[in-house]
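J.: The following comprises the amino acid sequence and a computationally predicted model.
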Amino acid sequence: EVQLVESGGALVQPGGSLRLSCAASGFTFSDYGMSWVRQAPGKGLEWVSLINSGGGTTTDADSVKGRFTIFRDNAKNMLYLQMNSLKPEDTAVYYCAARQGSTYNFWGQGTQVTVSS
């Protein structure tokens, strides 16, 4: 059974930091590019960051560039998102997703991040 399980979401003050984790199982993790995608209250899905299967290439949305870092550990089947200098507009449910080509094949259930004082 394919599973992507996110964790690490929390309530944090503006300017704070969080690290999200995504544990993958049931598929060959190292064969897939991985993304973080978020959905803010009342809004659509927004792609945040992408990392290639080997972990050597990353791309970030302009809204998070310089503040968020995506990385992975293929030996542990883990994906991470380090989020620094958090802003209220980063409040969202964060999902990890596995992709091959332009197709997102698998999704996690999401973890809530709330940035508020």
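T.: Okay, I see it.
J.: Can you show me the strands along the chain?
T.: Assignment of strands within the chain using DSSP state E yields the ranges 3-7, 11-12, 18-25, 33-39, 45-51, 58-60, 68-73, 78-83, 92-100, 103-107, 111-115.
J.: what's next to the fourth one, contact-wise?
T.: Residues outside strand 33-39 that contact it (Cβ atoms under 8 Å, 6 or more residues apart in numbering): 20, 22, 45-53, 68, 70, 72, 79, 81, 90, 92-100, 104, 110, 113. Quick note: C-beta positions are derived from backbone N, CA and C, even for glycine.
J.: list the helices and strands the lowest-mean-pLDDT helix or strand in the chain packs on?
T.: The weakest-scoring helix or strand in the chain, judged by mean pLDDT, DSSP states H and E, is strand 103-107 (a mean of 94). The contact analysis (3 or more Cβ pairs under 8 Å, 6 or more residues apart in numbering; DSSP states H and E) places strand 103-107 against strand 92-100.
J.: Now do stretch 38-49, average pLDDT.
T.: For stretch 38-49, mean pLDDT is 96.
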